[in-house]
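[1] got a sequence here, can you model it:
(4 chains)
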Protein chains: 2
Amino acid sequence: MSQQRHGSTPGEAGDVPAFPDLPEATIARLPEYLRALHHLAEAGAETVSSEGLAAAAGVNSAKLRKDLSHLGSYGTRGVGYDVALLVDQIEYILGLDKNRAVCLVGVGNLGHALAGYAGFASRGFRVVALFDADRKKVGEVINGMAVRHIGDLELVAAEESIAIGVIATPPTAAQAVADLLVAAGVTSILNFAPCVLSVPPNVDVRKVDLAVELQILSFHEHRKASLTALPGGAGDAAGDQEAVGS
Amino acid sequence: MSQQRHGSTPGEAGDVPAFPDLPEATIARLPEYLRALHHLAEAGAETVSSEGLAAAAGVNSAKLRKDLSHLGSYGTRGVGYDVALLVDQIEYILGLDKNRAVCLVGVGNLGHALAGYAGFASRGFRVVALFDADRKKVGEVINGMAVRHIGDLELVAAEESIAIGVIATPPTAAQAVADLLVAAGVTSILNFAPCVLSVPPNVDVRKVDLAVELQILSFHEHRKASLTALPGGAGDAAGDQEAVGS
DNA sequence: CGCGATTTGTGCACGCCTTCACAAGCGCCT
DNA sequence: AGGCGCTTGTGAAGGCGTGCACAAATCGCG
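    I've put the predicted structure just below:
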């Protein structure tokens, strides 16, 4: 996908730590490192080696070191990485120290679950508003939060300073909702509806399609079946840990 | 991630269409093409140009052509691709013509929603069994299906020939569930628990972490904020459609 | 029948990402 | 103080994926 160039111009040596120009692949792995680090911290570890952290995060240790080196030198040679320091650093980079406000549009089957998903709150996100277009759902209380009508979105977004919106509507409604979110000042959208959204260039969109993941697994099932059906290499029990895709 | 080499040895020209050796990136896009094609078919289109289909799927047209060329030549120069033919071909490659049986373990907040998610059934997957370790939940009927105890997994998996399992449990239980699934003969796992699973090399695992997506968006929010705060390029309304990551 | 318009399929170059291998640096033990 | 083992950080190589640009092929029309 297109990804506009970002990062700081070389000239400015700002007092605010200049924003590092991280590879997209690295960014996608930082949350995983963070989760592993939290786990280690709870277990009482003060430092981790790249080998240990890589194992906990399920990646190659060389890749992990290169990823972390992009953030700066937060490790000590011969010792490893300071867990607490690294947690702070990654949370800062990811902007998780802001306790970001998120709104969710579409309180159907999936939206209902997302509204109550504990994993959001535990990682620094507060779902502060629920919206739906269905008048019958407005007023329903989910996880201690009342569902409001989609028409109130702009009002609420302004007073809560919501920058991230989650779309969990049917695909037919998703584009209209995205337009509303953009109009309300939202600049990041997480889209669970199986359709492409068109948004202004300053708005980021990430898409999660639950069925797509199953389809990819189905492909590999199909592949495995067609291989074992052939005479050649049936029971290949050897080989290293397999993990599909990223 | 490690990805064991697959595909057919050059010698065998099997009667069963030899399984093409598709790049992983292509496989991940096929479901998106399929969705766009279904949409076009419902609209009555008989053929599509690569340009048109690429737009509907949100990708570059050259990329789409290269992806489809890996499946073989199913297009006609000067005309485009036959929609129905392409749908059949992609569904065959993805193994969706089997109406695959899926079981779901963990009927909590998220599992409940997944059990009723219409997007699975509409794309060729049947959720045929629900499991949970909590005796209080056993017997509960969701979407016309009764929740069974996790202990019955091996029994049910055998008689329903389930090859794909979905884990929607808390992370503490996920590894144990994965072991049970593997023991029951499941060879593909979709993991919604935020943790790494270790499985035998012949088992495929894909992980979906809902919070990770938000964290990536949070990073870009942080980046955008730190850029607009700086003197340089504030209102950059120009530029092409932005879409973060894949 | 021939020609032009259109669209696929693909060779090629470029850039990103991964992986290896190793020098540089740090702490500990003697 | 010196040496040794361990771990980080990084240069370089290789592989994969993307996008351009164009040749090949097909259809429709005169």
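[2] so what secondary structure elements neighbour the longest strand belonging to chain A?
    For chain A, the strand that runs over the most residues, judged by DSSP state E, is strand A:125-132. Helices and strands touching strand A:125-132, by 3 or more Cβ pairs under 8 Å, 6 or more residues apart in numbering or on different chains; DSSP states H and E, are strand A:100-105, helix A:109-115, helix A:118-121, strand A:145-149, helix A:153-160, helix B:210-229. Heads up, the C-betas are built off the backbone N, CA and C, glycines and all.
[3] strands along chain A, start to end?
    Along chain A, counting by DSSP E, strands occupy A:47-48, A:75-76, A:80-82, A:100-105, A:125-132, A:141-142, A:145-149, A:164-167, A:188-191, A:204-207.
[4] pick the most buried one from those strands.
    Greatest average neighbour count among these goes to strand A:164-167 (a mean of 26), per mean count of other Cβ atoms under 10 Å in any protein chain shown.
[5] what's that strand in contact with?
    A:100-106, A:114, A:125, A:174, A:177-178, A:181, A:184, A:186-193, A:197, B:214, B:217-218, B:221 (Cβ atoms under 8 Å, 6 or more residues apart in numbering or on different chains).
[6] out of those residues, which touch DNA strand C?
    Taking Cβ under 7 Å from any atom of the strand as the test, DNA strand C is in contact with none of these.
[7] and the residue nearest to residue A:181 when sequence neighbours are not counted, how far from residue A:35?
    Closest residue to residue A:181 apart from its sequence neighbours, by Cβ to Cβ, 6 or more residues apart in numbering or on different chains: residue A:165 at 4.2 Å. Taking Cβ to Cβ, to the nearest Å as the measure, residue A:165 falls 24 Å from residue A:35.
[8] repeat for residue A:67
    The gap separating residue A:67 from residue A:35 is 14 Å, by Cβ to Cβ.
[9] before we move on, what about residue A:202?
    Distance, residue A:202 to residue A:35, using Cβ to Cβ: 29 Å.
[10] neighbour-wise, which of those two wins?
    Between residue A:202 and residue A:35, counted using other Cβ atoms under 10 Å in any protein chain shown, the more crowded position is residue A:35 (23 against 15).
[11] thought that one was touching residue B:207?
    No. In this structure, residue A:35 is not within contact of residue B:207 by Cβ atoms under 8 Å, at 11.1 Å.
[12] got a list of what residue A:46 touches?
    A:82-84.
[13] try it again with 10 Å
    Listed by Cβ atoms under 10 Å, 6 or more residues apart in numbering or on different chains, the contact partners of residue A:46 are A:40, A:79-85.
[14] which bits of chain A sit near DNA strand C?
    Counting by Cβ under 7 Å from any atom of the strand, chain A sits next to DNA strand C at A:23-26, A:59-60, A:62-63, A:65-66, A:76-79, A:246.
[15] from those residues, list just the buried residues.
    Listed as buried from those are A:26, A:59, A:65; burial here means 16 or more other Cβ atoms under 10 Å in any protein chain shown.
[16] show me where chain A dips below the pLDDT cut-off.
    By pLDDT under 70, the weakly predicted segments of chain A are A:1-18, A:230-246.
[17] mind putting the strands of chain A in TSV, distance to residue B:119 included?
    Shown next, in TSV, are these (distance: least, Cβ to Cβ, whole Å):
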stretch	distance to residue B:119
strand A:47-48	39
strand A:75-76	43
strand A:80-82	40
strand A:100-105	17
strand A:125-132	18
strand A:141-142	21
strand A:145-149	22
strand A:164-167	14
strand A:188-191	13
strand A:204-207	13
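[18] burial measure for the closest residue in space to residue A:36 that isn't next to it in sequence, as a count.
    Nearest residue to residue A:36, sequence neighbours excluded (Cβ to Cβ, 6+ apart): residue A:56, at 3.8 Å. Neighbours of residue A:56 under the rule other Cβ under 10 Å: 20.
[19] identify the residues contacting residue A:56.
    Counting by Cβ under 10 Å, 6+ apart, residue A:56 has contacts A:32-33, A:35-37, A:39-40, A:45, A:48, A:64, B:195-196.
[20] next one: the nearest residue to residue A:188 once chain neighbours are set aside from residue B:31, what distance?
    Nearest residue to residue A:188, sequence neighbours excluded (Cβ to Cβ, 6+ apart): residue B:217, at 4.0 Å. According to Cβ to Cβ, residue B:217 and residue B:31 sit 22 Å apart.
[21] of these two, which one has the most company?
    residue B:217 (28 against 24).
[22] wait, the more buried one touches residue A:189, no?
    Yes. Residue B:217 lies in contact with residue A:189 (Cβ atoms under 10 Å); the separation is 7.8 Å.
[23] what do the two both touch?
    Here residue B:217 and residue A:189 share the contacting residues A:164-166, A:204-206, B:244, scored by Cβ under 10 Å, 6+ apart.
[24] can you redo the residues you listed as JSON lines with distance to residue A:133?
    Shown next, in JSON lines, are those (distance: Cβ to Cβ, whole Å):
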{"residue": "A:164", "distance to residue A:133": "20"}
{"residue": "A:165", "distance to residue A:133": "14"}
{"residue": "A:166", "distance to residue A:133": "15"}
{"residue": "A:204", "distance to residue A:133": "24"}
{"residue": "A:205", "distance to residue A:133": "20"}
{"residue": "A:206", "distance to residue A:133": "23"}
{"residue": "B:244", "distance to residue A:133": "26"}
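[25] which one of those sits closest to DNA strand C?
    Checking the shared contacts of residue B:217 and residue A:189 against DNA strand C with Cβ to the nearest atom of the strand, the nearest one is residue B:244 at 11.8 Å.
[26] using a markdown table, please lay out the contacts of residue A:56 together with distance to residue A:132.
    Converted to a markdown table, the contacts of residue A:56 look like this (distance: Cβ to Cβ, whole Å):
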| residue | distance to residue A:132 |
| --- | --- |
| A:32 | 32 |
| A:33 | 36 |
| A:35 | 31 |
| A:36 | 36 |
| A:37 | 37 |
| A:39 | 36 |
| A:40 | 40 |
| A:45 | 44 |
| A:48 | 44 |
| A:64 | 42 |
| B:195 | 32 |
| B:196 | 35 |
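[27] chain center to stretch A:148-164, what's the gap?
    With Cα atoms, centre = their mean, to the nearest Å as the basis, stretch A:148-164 stands 22 Å off its chain's centre.
[28] buried sites along that stretch?
    So for stretch A:148-164, counting by 16+ other Cβ under 10 Å, buried means A:148, A:150, A:153, A:156-157, A:162-164.
[29] before we move on, back to that, just the buried members of the contacts of residue A:56?
    A:32-33, A:35-37, A:40, A:45, A:48, A:64, B:195-196.
[30] who's the closest residue to residue A:104 other than its chain neighbours bridged to?
    Excluding its sequence neighbours, the residue lying closest to residue A:104 (Cβ to Cβ, 6+ apart) is residue A:166, at 4.5 Å. Beta-bridge partners recorded for residue A:166 (DSSP bridges): residue A:104, residue A:190.
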